[in-house]
Every structure is written in C-alpha cells, then in structure tokens.
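# Would you be able to build a 3D model of this:
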Amino acid sequence: MSARLRVTWYGITIFLSSAFLLVLEILAGRLIAPYVGVSLYTWTTVIGVILAGLSLGNWLGGLWADRGGNELAAGTTLALAGLFSLAILFLLTLVAPLIEAREMALLGASFVYVLALFFMPAMLLGVVNPLLTTLALRLDRRTGHIVGRMHALAALGSILGTFVTGYWLIQYLGTRSVIIVTALGLFLLAIPFFRRSTRLVPAAIVASAAALVLVTAARNGFSNPCDRESNYFCIRVVDESDRVPFGVARSLVLDHLVHGTNHQGEPGLLLAPYVQLMDELALEHFGTDRAETLRWFFAGGGAYTLPRSVRDRTPAAAVTVAELDPLVTRTAEERLFLQTRGMRVVHADARTVLKREASQRYDVIVADAFHDIAIPYHLVTFEYAQLVKSRLAPDGLYLLNVVDAFPDPRLVKSIMKTLDESFAHVHVWMDMAPPDAERLTFVISASDRREPPEVLIAQRGLDQRWLRVTEPMHTTGTAFSRLPILTDDSVPVERLIAPFYFQDLGR
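As a prediction, this is how the structure comes out:
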C-alpha cells in the first residue's frame, strides 16, 4: 500500500471513530433517561465525562505513539473500544440495580451511570487520533498539513455522528440497536489493522465479544425498557388497573416520569389529584353552565388525560392541544384510549403556537409540559406569561402544574413571583402537606377575575379537597425577595429545584 493511500486510510479511520464517539455521547443521554431523567445536570455530566475520557485517551495515544505505537496498536484500541461499547448494555444491568438499591440522588446517579458505561469507550477512542496522526507523519513530513487534516476529519466525523444519531438513528433503530451497530462498526474499522499480525489477537477479541453477547442476553440487557423511542422521549405505557376500583387503566411514562393515567371506560375519572384539581379550578372559576362551552388550550398533551375528560364531559367545549411529540399522541391514541376526533391537535411547541395565533382567545390555558421533572424553561418566564395573558379572555384562567420540593418549593415561588407581574390573582394549591421533605406536584392558578376560595372541594369525580397555600408560601421558607423573576434571559430552573439532584426526595 502506498504512503498516500495509507495516510488516507488513517484519515478515514479517524473520521469514523470520531463519529462513533459522538454516537455514544448522544446515546448516553437517552440510555440513562429512564433511570435519572433528562436535565441540564445530566447532559453536563454526559459531556464532562466523555470529554474527560477523550482527554485522557488523547494523552495516552500521544504517549503510546512516541513509544513505538503502530498499526497493531491502533487496531487493538479500536477493537477494545468496540468491546467496551458492546459491554455498555451488560454493565447497565449491573449498575442500575446497585444505584437503585442505594437510592442515590439524581446528580450522583447520573455521574455513576455515565462514568461506568461510557468513560472507557471514550478514552479508547481518544487514543486513535494522536496515534494515527503520528503514524501519518512518519509517511508525510508536511506536519501542518497532516495535523490540520486529521483534526478537521475528527471534527467532521463528530458532526456527522451527532446529527445522524439525533435526527435518525435513535428514533428509527432504538438505543440498543445503535449501540450494537456502533460496536460492530468499530470491530470492522479494526480488522484492516490486524493484517500483519497473528490471528491470536483477533480471535481473542471475537471470543470476548461472543461471551459479552451471551452474558448480556442472559441478563436481559438487550431488551429496551422503552416501548417506543422518539426524538424527545423514551415512551412507556404501564398497566395501572390495580389503582382503580373497576375496569382497565393505563399510565404514560416519558423517560422516568408518569405523565398521566387514563381509565378505559371512564374518561372523566381523573386519578391524579393535581389533574382533578385543575379541572375543578376551571369549574369553580366559570360555573357549571359556562363550563359546557369553554375554549381550552393545553400546552402539552402527554397522556391527554384532561383534554380527553373535557371532550367526553362537555362535547360543546373547544379543545386545542399543542403537543411537541407526534409519537406521544400516536401512543395515546393506540394504547391510552384517546380519540382525538373533535380536538384540535397541533404538533408544535406551545409557545410557538400561541405566538402565531394572535387572533385566538381562550377561556382556560393549561400548562402541563415537562422534560422529566424540569418544566421547559421558556414556558415559565415573564415573557411567556405576558403571551398567555394576551391569548386569554378577560375573565380567563391560567393553570399550570409544577413539580417541586416540599416544604420550600423555590421554583413554585419564583413562578408565582413572575406571574404576579402579569395577573391580579396568583395562587398555589396542594391536596396534602406531607410530614417530611418530599417531591410534590403543585398547581398554580392565575387570573384577573376574582379570588378563589381558600378550600376547594371536588364537585365531581373522586372525593378530594385542596387547600390554597399561597399565604404560607409567602411566610415560610425562602423569602420571595431572594428569588428571581424568571425571564427569557435568566431561567435558573435546575438551580431552583436543586434538592432533586443533590438529595433523595423520591422519584
């Protein structure tokens, strides 16, 4: 093989190995989502650990190259990277039970998952670039030309791996299949580097890969916990029939958070207290007669629990749902008893939908959109509150549910403080006060019409009562003066709900 052809071969290898590294990085966030969710903290952990592995690999690769690293070394490194990539699924079956048994906080759990599963593949792939670049320089003395070319190819490969994985591979193949394809790709990249070696090393690698496949299969590591994987979520549907007195009920789980429970024969049976609370707040606000013809807008569909109930109970009401993920809607239709006939469903971001429909006015706007436990930042800001108010009727009602930490829900308080800038009456509601620190779902109501009652008793459905806890929020815990008004320029959601990530408050 000529020197020029060999340098080209090295460049192609660097390009493809860099692409595979970014495939693994994108996969890392999705693979751990069913266990720790998705947040700024989890993605920071993924990127930081992958970069740490890559940095160490770059240093070791350069050191190895100066001490006689050759093509066999490159082939061995690629093959080991393939083995450790294949081992990700096996290691997950070991690590996940250990972390769950220790009840680690989300931040610590995220770090352990990524470190255990992805550090070694990242480190091994980091060896490839400096090693092959040094080998190329032995064949071509144009130092700047070769180094620049190899760096450019590594960057281009990373770009390709990022876009192909995020836009195509995961949603069509699923995480497990992509991991297997990545491992096979690395094995194929390694094969040409063994052409001058004995068959012992390739045979050992093949035997190790076969053993890994067998033990992973034995531990059920190839089975995907997701029923479906979309561009946005790991989607699961779980049976909840044991929670209802009769019939069949199912819940939608996105990543690792339940997003609604639907009863097959009774759409009006709202099992989650916060969902029933939002329905009751609208009924109390407008009265029974007016409730028949309300115009509803839902920011987030999820399981479509409340939109489904509204359509069943008040057929004359107008229901618009802005759901970002079409596969979530399809799953709700196919497995959660949803019929969208009579609803207007828009598969787009809620803020975008409200912004482009300047002439529309709604009686009730409901925000029930979550990326795991963190509410989307752009749906809690002052600017979004102003947009919501401009799309509400003069006596309209804005409702949103927020997951936060009891007894000092700092995100809830910041949202209340932000909404106070736009609405005359802003209140927060709970169905109970737990004895210890815990993760709860709060409901916030905002309007310009009138003050709601201090105690709300359910008029239909399950027997429930809720307390208006606005005043205690103002007098206990973190003072409102120390909390920010949320704006498009500054929305520190993760900082405000940091107890979820640094403490175990339940999941």
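# just checking, what packs against the lengthiest helix in the chain?
Counting residues, the longest helix found in the chain (DSSP state H) is helix 3-36. Helices and strands touching helix 3-36, as assessed by 3 or more Cβ pairs under 8 Å, 6 or more residues apart in numbering; DSSP states H and E, comprise helix 40-66, helix 71-102, helix 106-137, helix 143-164, helix 170-173, helix 175-190, strand 234-239. For glycine as for every other residue, the C-beta is placed from the backbone atoms N, C-alpha and C.
# Out of these, the one nearest Gly265 is which?
strand 234-239 (14.8 Å; Cβ to Cβ).
# which helices and strands sit right next to that closest one?
helix 3-36, strand 249-254, helix 326-335.
# Which helix or strand lies directly C-terminal to the shortest one?
The reference is to strand 249-254. strand 257-263 (DSSP states H and E).
# residues making contact with that next one?
Residues outside strand 257-263 that contact it (Cβ atoms under 8 Å, 6 or more residues apart in numbering): 37, 240, 243-244, 247-253, 269, 271-272, 275, 302-305, 308, 332, 336-338, 370, 372-373, 403.
# ok, now stretch 415-427?
380-382, 385-386, 388-389, 398, 400, 402, 428, 444-452, 468, 470, 473, 480, 483-486.
# Now list the buried members of those residues.
Burial by neighbour count, 16 or more other Cβ atoms under 10 Å: within those this picks out 380-382, 385, 388-389, 398, 400, 402, 428, 444-447, 452, 468, 470, 473, 480, 483, 485-486.
# Now, these that are in helices?
Using DSSP H, the buried ones among the contacts of stretch 415-427 in helices are Phe382, Ala385, Val388, Lys389, Thr470, Met473.
# Nearest to Arg460 among these?
Closest approach to Arg460 among those (Cβ to Cβ): Thr470, at 24.6 Å.
# separation between the closest residue to the closest one other than its chain neighbours and Met416?
Leaving aside its sequence neighbours, Thr470 sits nearest to His427 (Cβ to Cβ, 6 or more residues apart in numbering; 4.5 Å). When distance is defined by Cβ to Cβ, to the nearest Å, His427 is 8 Å away from Met416.
# so how many other residues sit close to Ser490?
Residues near Ser490, counting by other Cβ atoms under 10 Å, number 10.
# from memory it sits against Pro484, does it?
Yes: look at Ser490 against Pro484 with Cβ atoms under 8 Å: they come within range, at 6.5 Å.
# Pull the contacting residues for the closest residue to Leu327 other than its chain neighbours.
Spatial nearest neighbour of Leu327, chain neighbours left out: Ser230 (3.9 Å); criterion: Cβ to Cβ, 6+ apart. With contacts defined as Cβ under 8 Å, 6+ apart, the neighbours of Ser230 are Gln171, Asp325, Pro326, Leu327, Val328.
# would you list the helices and strands packed on strand 234-239 in CSV and tack on mean neighbour count?
Output for those, formatted as CSV (neighbours: other Cβ atoms under 10 Å):
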stretch, mean neighbour count
helix 3-36, 22
strand 249-254, 22
helix 326-335, 18
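# Which residue, neighbours along the chain excluded, lies closest to Thr293?
Leaving aside its sequence neighbours, Thr293 sits nearest to Ala316 (Cβ to Cβ, 6+ apart; 5.0 Å).
# Would you mind giving the secondary structure of that neighbour?
In three-state terms, and counting by DSSP: H, G, I helix; E, B strand; the rest coil, Ala316 is coil.
# That one and Gly157: what is the separation?
Taking Cβ to Cβ, one finds Ala316 at 57 Å from Gly157.
# Check Val201 too.
Val201 is 25 Å from Gly157, by Cβ to Cβ.
# And these two? Which one has more around it.
Set side by side, Val201 and Gly157 show more neighbours around Gly157, with 24 against 16, by other Cβ under 10 Å.
# right, and that one touches Ser18 too?
Yes: between Gly157 and Ser18 there is a contact under Cβ under 8 Å: 3.4 Å.
# what sits against Leu135?
By Cβ under 8 Å, 6+ apart, Leu135 lies in contact with Tyr10, Ala65, Gly69, Asn70, Glu71, Ala74.
# Mind checking what secondary structure the third one has?
Classification of Gly69 by three-state DSSP places it in coil.
# Could you check the pLDDT of it?
pLDDT, Gly69: 89.
# Excluding chain neighbours, what is closest to it?
Spatial nearest neighbour of Gly69, chain neighbours left out: Leu131 (5.1 Å); criterion: Cβ to Cβ, 6+ apart.
# tell me, how many neighbours does the one you found end up with?
Using other Cβ under 10 Å, Leu131 has 27 neighbouring residues.
# and it, how far is that from Ala19?
17 Å.
# same deal with Gly300?
Relative to Ala19, Gly300 is positioned 34 Å away (Cβ to Cβ).
# Could you do Asp489 as well?
Going from Asp489 to Ala19 by Cβ to Cβ gives 35 Å.
# Then Ala116?
In terms of Cβ to Cβ, Ala116 sits 23 Å off from Ala19.
# OK, contacts around the residue nearest to Gly69?
Gly61, Gly62, Trp64, Ala65, Gly69, Ala73, Ala74, Thr77.
# Ok, Ile180 next?
By Cβ under 8 Å, 6+ apart, Ile180 lies in contact with Leu86, Phe222.
# can you rerun that using 10 Å?
Ser85, Leu86, Ile88, Leu89, Leu173, Gly174, Val213, Thr216, Phe222 (Cβ atoms under 10 Å, 6 or more residues apart in numbering).
# Skipping its backbone neighbours, what lies nearest the first one in space?
In other words, Ser85. Per Cβ to Cβ, 6+ apart, closest to Ser85 is Ala183, 4.3 Å.
# cool, the second one as well?
Sequence neighbours aside, Ala183 is the residue nearest to Leu86 in space, at 4.0 Å (criterion: Cβ to Cβ, 6+ apart).
# cool, and the last one?
Nearest in space to Phe222, with sequence neighbours left out and distances taken as Cβ to Cβ, 6+ apart, is Arg176 at 5.6 Å.
# Tell me the confidence at the one you found?
At Arg176, pLDDT is 91.
# Have a look at this protein and report its longest strand.
Longest strand in the chain, counting residues (DSSP state E): strand 392-406.
# Neighbouring strands - and their directions - for that one?
Strands that pair with strand 392-406, judged by DSSP bridges, come out as strand 362-367 (parallel), strand 438-447 (antiparallel).
# So which bits of the shortest one are buried?
Of the residues in strand 362-367, Tyr362, Asp363, Val364, Ile365, Val366, Ala367 count as buried by neighbour count, 16+ other Cβ under 10 Å.
# And for stretch 418-429?
Using 16+ other Cβ under 10 Å as the test for burial, stretch 418-429 gives Thr418, Leu419, Ser422, Phe423, His425, Val426, His427, Val428, Trp429.
# My read is that Gly302 contacts Glu323, right?
Yes: using Cβ atoms under 10 Å, Gly302 makes contact with Glu323 at a distance of 7.5 Å.
# In terms of packing, which of those two has more residues around it?
Here Gly302 and Glu323 are compared on neighbour count by other Cβ under 10 Å; more neighbours surround Gly302, at 26 against 23.
# For Gly82, give me its contacts.
Contact analysis of Gly82 by Cβ under 10 Å, 6+ apart lists 20, 121, 124-125, 182-190, 205, 208-209.
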